[in-house]
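Enquirer: Quick one: sequence plus predicted model below, questions after.
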Amino acid sequence: MNASISSLARNGETLTAVWAGGERTDLPYLWLRDNCGCGECRVEQTTEKRFHLFRVPNDLKPSTVAIEGAGSEDEVIAIAWPDGHRTRYRSSEIHRLLSPSHPDLQYWDGRFQPQRFGYGPFLANDSAAMEAIEEFLRTGVCVLVDAPTEPDSLEELATRLGPIREVLFERIHNVMLDPKGYNIAHTDLAVGAHNDFTSYTWPPSVQALHMLVNECEGGESTVVDGFALLDELRRDHPDEFDVLCRVPVPSRIFSEAYECYAANPMVALDTEGEVRMLRFNTAQMQAIPLSEPRLTEFYAAYHELSRRVNDPAAEVSFRLEGGQILLCAGHRVLHGRKALRSHGHRHLQDAYYEHDNVRNHLRVLRRAGGI
């Protein structure tokens, strides 16, 4: 679409812009007034909004509108309001807002292998950090190699991933064989594909699993692209996908000191109907009340999703060695572990971060690089 406007027409509650290519865009008057970028409406130092919409009538209409510098790069929509206030928008500014910003997601199956990035360059070099973060946001998973093997080194990732998201349990969680451990990860059993803390209404959205020492046979790490499976399920069985979005599923994790419990649907959608979260943790799932009217339909859908999650064709398997960190998008990627075949020393630490902070750090890096 050409970013130049050929004409403007005032209608009941909107200003209709006709672009040079013939496309039309309705611009609500209240939206135009609310987003004014002048020094009276914004704090110039911070760009934060000062204007409050209640200060104008809800049937606000402009006194005059005009196009200035038509056809040039500096083309402007100039608006005068009844109270004398004036608002100016570059046509290119309006044009940029026409397309919503969607993440560029790459779905994958069992043939995929996570991309590997050097730990040192990730922390020290902005270009290397951007490359790794872009891959992580696209695929939901990557591995940092040549990382330290000292405990609690995950604190160092805060400069790139944002502050650690604390939960009721340890800030940095130690995973070793432990007969008193409070979940299955402390045993030698296989750990099925899952995401953590489905027992929180808002589970942590990034997980870092840091292998300090791995002298054990077996115990290979596994990952599954939950979003890819849901995309397929939605196409194949839309009714089953829908019930997974609607039936609350209780989840619980507890220790001697703490207990976490929440009930939410396995699948959460955003306002545009796109998947934003999968909650899947068989070990911590509790019984759904028998009073749930869609219980039979839910179990048919859950069975189908469980079958797909555990399909070998969906699973990526690899060995995580000492000094390697697996990063997983916690609302998308399910992770697990094969059974341990020996009791050699194996020490993994994990910590949580938030996806928003990772994504926002990428914006800062791009801005600093003039991108």
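Expert: In hand now; what should we look at?

Enquirer: Next up, phi/psi of residue 198, please.
Expert: Backbone torsions of residue 198, given as degrees, to the nearest 10, read phi -60, psi -10.

Enquirer: Next up, the contacts around it.
Expert: 249, 251, 262, 264, 279, 280, 281, 284, 285 (C-beta atoms under 8 Å, 6 or more residues apart in numbering). Glycine gets a C-beta too; all of them are placed from N, C-alpha and C.

Enquirer: Show me the two of those that sit farthest apart.
Expert: Greatest spacing in those, by C-beta to C-beta: 262 and 280 (14.0 Å).

Enquirer: The two: which has the busier surroundings?
Expert: Shown here are residue 262 and residue 280; by other C-beta atoms under 10 Å, residue 280 has more neighbours (24 against 17).

Enquirer: got a list of contacts for stretch 231-239?
Expert: 107, 240, 241, 244, 275, 297, 301, 304, 305, 308.

Enquirer: typo on my end, it should be stretch 120-128
Expert: By C-beta under 8 Å, 6+ apart, stretch 120-128 touches 117-118, 129, 132, 144, 146, 156-157, 159-160, 365, 368-369.

Enquirer: go on, stretch 181-194?
Expert: Residues contacting stretch 181-194 (C-beta under 8 Å, 6+ apart): 169, 175-180, 222-224, 253-256, 280-284, 309-310, 315, 334-340, 343.

Enquirer: list the buried ones in that stretch?
Expert: Neighbour-count burial for stretch 181-194, with 16 or more other C-beta atoms under 10 Å as criterion, is recorded at 183, 184, 185, 188, 191, 192, 193, 194.

Enquirer: now swap in stretch 239-252 and tell me
Expert: 240, 241, 242, 243, 244, 245, 247, 249, 250, 251.

Enquirer: now stretch 31-46
Expert: For stretch 31-46, by 16+ other C-beta under 10 Å, it's 32, 33, 34, 35, 36, 41, 42.

Enquirer: do the same with stretch 313-323
Expert: 314, 315, 316, 320, 322, 323.

Enquirer: Now do the fifth one against residue 122, distance only.
Expert: When C-beta to C-beta, to the nearest Å is applied, the distance between residue 322 and residue 122 equals 18 Å.

Enquirer: same deal with the last one?
Expert: Computed as C-beta to C-beta, the residue 323 to residue 122 distance reads 13 Å.

Enquirer: swap in the second one?
Expert: Distance, residue 315 to residue 122, using C-beta to C-beta: 26 Å.

Enquirer: hmm, back to that, pick the one among the contacts of residue 198 closest to residue 203.
Expert: Closest approach between these and residue 203, by C-beta to C-beta: residue 279, at 6.8 Å.

Enquirer: Point out where the chain drops to low pLDDT.
Expert: In the predicted model, the chain carries pLDDT under 70 at residues 1.

Enquirer: Where do the helices of it begin and end?
Expert: With DSSP state H as the criterion, the chain has helices at 29-34, 91-96, 119-124, 126-139, 158-161, 226-236, 238-244, 295-309, 355-368.

Enquirer: out of those, nearest to residue 79?
Expert: helix 29-34 (6.2 Å).

Enquirer: Does anything pack onto that closest one? Which helices or strands?
Expert: If contacts are counted by 3 or more C-beta pairs under 8 Å, 6 or more residues apart in numbering; DSSP states H and E, helix 29-34 sits against strand 14-19, strand 86-90.
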